[in-house]
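**Student:** give the three-dimensional model of this entry:
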Amino acid sequence: YVSQTCPDEQLIMHNPPLIFDLVKDPYERFALEESEYVLEMRALGAQVLKEHRESLIPVPNQLGRFNKQLTPCCNPPSCQCDRISHRRSESARKPIFDREQISSEFMEVSL
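**Tutor:** Numbering: from 1, shown residues only. The predicted structure is shown next:
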């Protein structure tokens, strides 16, 4: 059960926001140069964001309100365990595929 966090101090806020052509640049490596199109896209994005925020309905906080009896637990009652490292050590010993089984299945399909 792994969770990761992204520290706020490592985030970069671009103001104004960068605009990318995701068809030509799917990895967002090269921001588009300032142009009328980029200005229009920023304005459109700002409008969509504003409308989205206005449509949000407040709800009670969903984090931290959970039933501990529904939490996965491999060592009751302490529920402190590391199944990930256990799986890694098991998988390192076992081959992922059985070559003979795959060969025989392949032969059946190709016949």
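**Student:** what about Ser19, neighbour count?
**Tutor:** Just to correct that, residue 19 is Ile rather than Ser. For Ile19, the neighbour count with other CB atoms under 10 Å is 20. Just so you know, the C-beta spots here come from the backbone N, C-alpha and C atoms, and that holds for glycine as well.
**Student:** number the residues from 43 up from this point.
**Tutor:** In the new numbering, first residue 43, that becomes Ile61.
**Student:** surely it and Val80 touch.
**Tutor:** Yes - at 4.9 Å, Ile61 counts as touching Val80 under the criterion of CB atoms under 8 Å.
**Student:** common neighbours of those two, please.
**Tutor:** Common contact partners of Ile61 and Val80 (CB atoms under 8 Å, 6 or more residues apart in numbering): Leu74.
**Student:** helices of this structure, start to end?
**Tutor:** Listed in chain order, the helices of the chain (DSSP state H) span residues 78-97, 125-135, 141-152.
**Student:** which residues touch the first one?
**Tutor:** When contacts are taken as CB under 8 Å, 6+ apart, the neighbours of helix 78-97 outside the stretch itself are Pro58, Pro59, Ile61, Leu74.
**Student:** distance of the third one relative to Tyr69?
**Tutor:** What it means is Ile61. For Ile61, the distance to Tyr69 equals 15 Å [CB to CB, to the nearest Å].
**Student:** what's the pLDDT at Pro58?
**Tutor:** In this model, Pro58 is scored at 92, pLDDT.
**Student:** Pro118 now?
**Tutor:** At Pro118, the pLDDT value in this model is 71.
**Student:** and the gap between it and Arg107?
**Tutor:** Pro118 is 22 Å from Arg107, by CB to CB.
**Student:** count of residues packed around the nearest residue to Asp63 once chain neighbours are set aside?
**Tutor:** In space, Asp63 comes closest to Leu74 once its chain neighbours are excluded; the distance is 6.1 Å by CB to CB, 6 or more residues apart in numbering. Neighbours of Leu74 under the rule other CB under 10 Å: 14.
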